[in-house]
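**Student:** need a structure here:
(one chain, ligands or ions: 2)
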Amino acid sequence: MPEPHSARPAGAAAETAAAAKTAAGEPLLSIRGLSKRYQTPRGTVHAVESVDLDIPRGSITGLVGESGSGKTTLGRTLLRLVEPSAGSIRFAGEDLTALSPRQMTAMRRRMQIIFQDPVSSLNPRLKVEHIVGEGLRAHGIGTRGERRDRVAALLEEVGLSADQMKRYPHEFSGGQRQRVGIARALALEPEFIVADESVSALDVSIQAQILNLLLDLRESRGLTMLFIAHDLSVVDYLCDRIAVMYLGRIVETGPARELVRAPAHPYARALLSAVPQPDPAAPRNREVLAGQIPSPLDPPSGCVFRTRCPRALQACAAAFPAPVAVGPGRFAHCINL
Ligand code: ADP
Ligand code: MG
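**Tutor:** Ligands and ions are numbered 1, 2, ... in the order given. Predicted coordinates for the structure are as follows:
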């Protein structure tokens, strides 16, 4: 179970100790009690509620759940592209929520996002050279010629060609636009990348190419990633760990292989039974989800999944369940496993 965050020790010696601890295996990113609520004319939207999550250095952690479960909000909030309503975010030993805007600008170089929609996130009026080089320019890195060389190298690194920098986004296929988005995210040499639904809109064969590119980049650049997707088949291939999210809450976390083979939480089981199996003879428990995800304007009390859960008990209405260990490094938030 994730340890609670302790108060940050003061002084240079403590800083060094914190850095050493990070190198020795503290997660690169560690969030506690993270919530994001939006005040709207219709009420408070509970987009992300009291999330605890550790992302080990060098890992690819998958974040899965139906549309509307809060994945994008969580991904953006942990980069502070969206301000959290509550909670703490530690990245490489620093408490991001305590940083000044100036310190946060410097930190942003180290944490990047590949946005969910490659069409709307790439400015149609800018050439790819501009789009990929934008961060370099904003941070005042290199001369114009040096930036062009850097963009050329980045495009080649993601499987495009340097001369494609003169083209506009509409001249690229869906898979190529994702590659442009990846090149842009890599430009500032980040340690950590949030990839938001990077393959969800692509054909299966193109998906595999992008997933393999991400795996290659993890190796060659030692990247740590949070990979957001709405189904489990993709994350099973790519990820070391998986966190399953439902209506703003993480309901189960664990090593990818074990979680996919035997999901414990009723929501994770239902999500998994929607995934087509390559081997039709493989045993599986079908648990089909009834109804729609409730509105985050008025989430159910207690366990947010109880209104759709085949195993719900009266007690599920009382409180959101504490994590229960269901295997090594595996936790499910459920009182009726
Ligand atoms: P996902 O990425 O899992 O589909 P999102 O994080 O995009 O989910 O959205 C979670 C919930 O928060 C949704 O109900 C969405 O409508 C709501 N939401 C997201 N952004 C805002 C916003 N800026 N204002 C109000 N509600 C929002
Ligand atoms: Mg999303």
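
**Student:** from the chain's centroid, how far away is stretch 255-265?
**Tutor:** Put simply, stretch 255-265 sits 18 Å off its chain's centre (Cα atoms, centre = their mean, to the nearest Å).

**Student:** again, but for stretch 65-74
**Tutor:** 10 Å.

**Student:** in that stretch, what's buried?
**Tutor:** By 16 or more other Cβ atoms under 10 Å, the buried positions in stretch 65-74 come out as 65, 66, 68, 69, 70, 71, 72, 73, 74. C-beta: built from backbone N, CA, C; applies to glycine.

**Student:** give the helix, strand or coil label for the nearest residue to the first one once chain neighbours are set aside.
**Tutor:** Take residue 65 and drop its neighbours on the chain: the residue closest to it by Cβ to Cβ, 6 or more residues apart in numbering is residue 245, 3.7 Å away. Reducing the assignment to helix, strand or coil with DSSP: H, G, I helix; E, B strand; the rest coil, the entry for residue 245 is strand.

**Student:** OK, contacts around residue 245?
**Tutor:** Residue 245 makes contact with 63, 64, 65, 69, 70, 71, 74, 251, according to Cβ atoms under 8 Å, 6 or more residues apart in numbering.

**Student:** can you list the residues of the protein near ligand 1?
**Tutor:** 38, 40, 45, 47, 65, 67-73, 296 (Cβ under 6 Å from any ligand atom).

**Student:** cross the residues you listed against strands and list the overlap.
**Tutor:** For these, membership in strands holds for 38, 40, 45, 47, with DSSP state E as the criterion.

**Student:** farthest-separated two in those residues?
**Tutor:** Greatest spatial distance in these: 40 and 47, 10.5 Å, computed using Cβ to Cβ.

**Student:** more neighbours: these two, which one.
**Tutor:** residue 47 (23 against 9; other Cβ atoms under 10 Å).

**Student:** report the contact partners of the more buried one.
**Tutor:** When contacts are counted by Cβ under 8 Å, 6+ apart, residue 47 touches 36, 37, 38, 70, 73, 248, 296.

**Student:** pull out the buried residues from the residues you listed.
**Tutor:** Buried members of these, counted by 16+ other Cβ under 10 Å: 36, 37, 70, 73, 248, 296.

**Student:** dump those into JSON lines; add pLDDT as well.
**Tutor:** Shown next, in JSON lines, are these (pLDDT from 0 to 100):
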{"residue": "36", "pLDDT": "98"}
{"residue": "37", "pLDDT": "98"}
{"residue": "70", "pLDDT": "97"}
{"residue": "73", "pLDDT": "97"}
{"residue": "248", "pLDDT": "98"}
{"residue": "296", "pLDDT": "96"}
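
**Student:** could you list the low-confidence segments of the stretch 1-150 of the chain?
**Tutor:** 1-24 (pLDDT under 70).

**Student:** hmm, 80 instead?
**Tutor:** Counting by pLDDT under 80, the stretch 1-150 of the chain shows low-confidence ranges at 1-25, 117-119.

**Student:** would you map the strands across it?
**Tutor:** 29-40, 43-55, 60-64, 86-91, 94-95, 111-114 (DSSP state E, counting those that start in this stretch).

**Student:** point out the most buried one among those.
**Tutor:** Comparing these by mean neighbour count (mean count of other Cβ atoms under 10 Å), strand 60-64 comes out on top with a mean of 26.

**Student:** so who does residue 142 touch?
**Tutor:** 136, 150.

**Student:** please apply the same query to the one 5 residues further on.
**Tutor:** Residue 147 makes contact with 133, 136, 137, 141 under the criterion Cβ under 8 Å, 6+ apart.

**Student:** dump those residues to a markdown table, plus neighbour count and distance to residue 194.
**Tutor:** Below are the contacts of residue 147 laid out as a markdown table (neighbours: other Cβ atoms under 10 Å; distance: Cβ to Cβ, whole Å):
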| residue | neighbour count | distance to residue 194 |
| --- | --- | --- |
| 133 | 25 | 21 |
| 136 | 20 | 20 |
| 137 | 13 | 22 |
| 141 | 16 | 22 |
